[in-house]
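K.L.:
okay, predicted coordinates and the sequence, questions at the end:
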Amino acid sequence: MPRTRKDEAPLLVDAPVVQGRYVELDDWTVSFETFPAEGGAR
């Protein structure tokens, strides 16, 4: 069975409001998303 970890997934989205890491595992896309608390607050 394939597996991954957040630190193995490449950073593909690096915006002020979200950071996204994505990996394709067989027929699945695994995502690790982080939403910084200060990202979009005004």
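P.N.:
Sure thing, it's come through.

K.L.:
C-alpha only now, for contacts and for neighbours.
P.N.:
Will do.

K.L.:
give me the distance between the two termini of stretch 3-14.
P.N.:
In stretch 3-14, first residue to last residue: 23 Å (C-alpha to C-alpha, to the nearest Å).

K.L.:
next one: it to chain centre, how far?
P.N.:
Remark: stretch 3-14 is offset 6 Å from the chain centroid, using C-alpha atoms, centre = their mean, to the nearest Å.

K.L.:
so what touches that stretch?
P.N.:
Gln19, Gly20, Arg21, Tyr22, Val23, Leu25, Phe32 (C-alpha atoms under 8 Å, 6 or more residues apart in numbering).

K.L.:
and these, which two are furthest apart?
P.N.:
Pairwise distances across the contacts of stretch 3-14 peak at 19.7 Å for Gln19 and Leu25 (criterion: C-alpha to C-alpha).

K.L.:
between these two, point out the one with more neighbours.
P.N.:
Ranked by neighbour count (other C-alpha atoms under 10 Å), Gln19 and Leu25 place Gln19 first, with 15 against 12.

K.L.:
for the more buried one, list the residues it contacts.
P.N.:
Gln19 neighbours (C-alpha under 8 Å, 6+ apart): Leu11, Leu12, Val13, Glu33, Thr34, Phe35.

K.L.:
quick one: what helix or strand has the second one in it?
P.N.:
Leu12 is part of strand 11-14, with elements assigned from DSSP states H and E.

K.L.:
quick one: the strands in the protein?
P.N.:
11-14, 19-25, 28-34 (DSSP state E).

K.L.:
most tightly surrounded among those?
P.N.:
strand 19-25 (a mean of 16; mean count of other C-alpha atoms under 10 Å).

K.L.:
tell me the mean pLDDT over that one?
P.N.:
Average pLDDT, strand 19-25: 97.

K.L.:
now that strand and strand 28-34, what's the angle there?
P.N.:
160 degrees (axes from the mean of the first three to the mean of the last three C-alpha atoms, to 10 degrees).

K.L.:
chain center to strand 19-25: distance?
P.N.:
The answer for strand 19-25 is 5 Å, by C-alpha atoms, centre = their mean.

K.L.:
sheet-wise, list the partners of that strand with their directions.
P.N.:
strand 11-14 (antiparallel), strand 28-34 (antiparallel) (DSSP bridges).
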